[in-house]
Each structure stands twice: as structure tokens, then as C-alpha cells.
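Asks: The sequence isn't on hand, but the structure is:
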């Protein structure tokens, strides 16, 4: 087969997706070929549309196809509490708990001195604007910032940076708890998680 | 989020692919969103193109974007030997061995009485036409048919049916060997493979 035939091109386009190797790509391509046209057309259209229509929410930088995302638009959310997350999948994970009724701010990255990613490379400036002017936050003054970045080196660095920046504004800054995951076995919990859980123990 | 927003639509289009669950689909969608437009556009274009341009080879029913597939077009292949396969991935698997220099015939299915798939539902008629008229086989008379369907119930049924149909035409019909796979441990070989290997033992 020539390397430019449509099947080979489709296989090679599939291999660009994460976790898709040559074998999976080829299986997906033959699946597409064996299915009615709609499957291929729907996926093709969704791919083009998502890139054309989805952008950042003007207020919280969440991904949305409107000017404001659905959380920022909602009257039932508490816009005085902002949960800061690294990216949209993290936002969705928190939404899925059903526990959080505040609004979000999506950084789209973490500060990483090692990789040369500074505060200006993530959407921190937009967060500060929300804190400084109620108008930029839909007329709601902010009472608390919950920093929900991962407990990784970059996540901690970002958390520290934000906390130093925001605390002087007189706003409460909190950090999600780290510790032993619910349902896990203590025996199999890694050392750093366990020592963190000991360090951050709570009085009962 | 509304169920009709572009991200949700892309996630749901991805879940229609085999082996892609909600989580993987969501990971793929956010990957697409974070990448330059080309990744999405290339995949979208390849999806549409493959459905528009790829059809069956007029002679062997292989998938191709031309009138004849590259194997049927080739002057260096032996068109007097036809290897019958279930589908294009099987054809590719045999091509990848580099051992076969004949041509192919792709059935696009197997006879399966249990699932109500009869001889007319797979491309057997096209094969018979090639055997009966050299013109339909690029002016080459057929000397041998190698049946390379899987050693499954349907694969064996198809093989038996073809052999009964073709042998009376005075054409040699052979079947790929079944037995213990190269490099495998006898201890872990399943019973039916092992008894087949014993039954079909060869003199040394």
C-alpha cells in the first residue's frame, strides 16, 4: 500500500492521539471503515467544532463555547468562593463530587521553575483581576480561595506562590487536604503520603 | 455543562470507538483541545476521506481508493495463487510476514449459520467469478486457493464450504496449518490447539 492512501493517513492521524499505538490505530481505522458513515462524520464534525467553538470563559478561564462558562453563568453558585484548579479535567473531577457549590478559576498549567513556566504563563493575572474588582467577578466580592492543585512539586509551588500573593489582600486562602485516600490500605500507602497524613493529623 | 456543548459532543463521538470508555474519551477530547488545530483537522479530514474514497477492489474485494488494489495491480505478484482471508486486517497480517507472493481475496466476513450469515452475505460470488474466467482475474488462470480464515467455528465452516465448491473445478485447495504457535510453551497451550497439533503431525 502507498503511504499516502486514505487508510494509512487515517491510521497515522489516530496514532497522534495519546495512548494510541500503531495496532490500536489500525483497529480503529478498520472499525471506522466497517461502520456506517455517520460514526466517522459525527467524530469529524465534533473534532472541527470543538476547535472552532471552544474557548476560555472570560471570567474563570474554564473551557466553554459561550462568553461565560455554565458555572460562572449560574445564579445558584456561590461566587464569593473560588476554587483554583490546574485544568478543566480537574474542574470536572471536583464537579463530579457534587460537594462544591462555589465557582472556579482554571490556571491551564502550574508554575514550574524547572520547566521555565512562570506565573505569567498560567492564568494567574485573570484570577487577581477577579479578586481586585468585584465587577470582574460578576459583582461578587471574594471571601475565600481554595487552592486545589495536585500535591506535586509544581502543584505545591503554585499553591505557595498564590497564597503569598493573595493573603495580603485580606482574603482567606485554603488548600485541599492531602493524606491517605479513602478506602486504601495503610500498608500499601506510599511513604510521602503517609508522612504527610501524620504531619497534618487532626484533633478528634 | 449542557449535554449539547461541543466538548460533550466530542467525548460522546469518541466513546463510539471500540475500547474507548467515558474516561479515555474525555482524556482524548482534552488532548485535542490542548493541541494545535492541525491534530484535530488532520484526523477529521482523514475520517471523512477514508469513508469517501475507500471502496472494494473490483477483483479481490480488498479495501482500496483505486479501481484495483495495489496487490492486484502488481506485476510482481503470482496471480495464479489466491489466498482467501476474512478481512483486510488479516490480509495485512499475512502481507507483514513477507512470505506470500500470490494475490488475495477478501470475504469481508465468514459464513455463520448461527448468526444467519450465508454464502451470499460474504464475497464468495466474486471469488468464483475469478476462478471461472481468467479475464476476471487479470487474465491469470488460478492454480491454487489457500484458505486462510481463522481456525474458529465460522472460519472452519467457511473453509469447508469453499473447499466443496472449488475442488470440483479442478483447482488445488489448501488450508493454513493449525497447531502450537512458535515460541509458545507446550504446558500453557490450550487443549484443542494441542490435540489439533497432534492430529496434524507431520513426518520428519
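Replies: Looks like it came in fine. Being a predicted model, the structure only gives us computed values, none of them experimental.
Asks: how near is residue A:20 to chain B?
Replies: To chain B, residue A:20 is 8 Å away according to CB to the nearest CB, to the nearest Å. Quick note: C-beta positions are derived from backbone N, CA and C, even for glycine.
Asks: helix or strand for the closest residue to that residue other than its chain neighbours, which one?
Replies: Nearest non-adjacent residue to residue A:20, counting by CB to CB, 6 or more residues apart in numbering or on different chains: residue A:14, 5.4 Å away. Residue A:14 belongs to helix A:6-15 when assigned by DSSP states H and E.
Asks: just checking, what packs against that helix?
Replies: On a contact count with 3 or more CB pairs under 8 Å, 6 or more residues apart in numbering or on different chains; DSSP states H and E, helix A:6-15 meets helix A:22-34, helix B:37-53.
Asks: Now render those as TSV, adding mean neighbour count, distance to residue A:102 and mean pLDDT.
Replies: Putting those into TSV (neighbours: other CB atoms under 10 Å in any protein chain shown; distance: least, CB to CB, whole Å; pLDDT from 0 to 100) gives the following:
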stretch	mean neighbour count	distance to residue A:102	mean pLDDT
helix A:22-34	18	40	93
helix B:37-53	19	32	94
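Asks: just to revisit the earlier point, what pLDDT is listed against the residue nearest to residue A:20?
Replies: As predicted, residue A:14 sits at a pLDDT of 96.
Asks: Report the central residue of chain A.
Replies: residue A:87 (1.8 Å; CA atoms, centre = their mean).
Asks: Surely that residue is in contact with residue B:31?
Replies: No. Using CB atoms under 8 Å as the test, residue A:87 is too far from residue B:31 to be in contact (11.3 Å).
Asks: gap between stretch A:74-89 and the chain center?
Replies: Relative to its chain's centre, stretch A:74-89 lies at 12 Å (CA atoms, centre = their mean, to the nearest Å).
Asks: Then stretch A:175-185?
Replies: Distance, stretch centre to chain centre, for stretch A:175-185: 20 Å (CA atoms, centre = their mean).
Asks: Could you give the number of residues near residue A:88?
Replies: 24 (other CB atoms under 10 Å in any protein chain shown).
Asks: now swap in residue A:162 and tell me
Replies: Neighbour tally, residue A:162, other CB under 10 Å: 23.
Asks: just residue A:151 next, same as before
Replies: 15.
Asks: What residues does it make contact with?
Replies: A:178, A:196 (CB atoms under 8 Å, 6 or more residues apart in numbering or on different chains).
Asks: Which strands and helices lie in contact with the longest strand along chain A?
Replies: In chain A, assigned by DSSP state E, the strand with the most residues is strand A:78-85. Counting contacts by 3+ CB pairs under 8 Å, 6+ apart, strand A:78-85 is packed against helix A:88-97, strand A:102-106, helix A:124-132, strand A:144-147.
Asks: in the first one, what counts as buried?
Replies: Right, helix A:88-97. Of the residues in helix A:88-97, A:88, A:90-92, A:94 count as buried by neighbour count, 16 or more other CB atoms under 10 Å in any protein chain shown.
Asks: Residue ranges in chain A under the pLDDT threshold?
Replies: Low-confidence segments of chain A (pLDDT under 70): A:1-3.
Asks: Domain-wise, how is it divided?
Replies: A:6-53, A:77-175 (automatic domain parsing).
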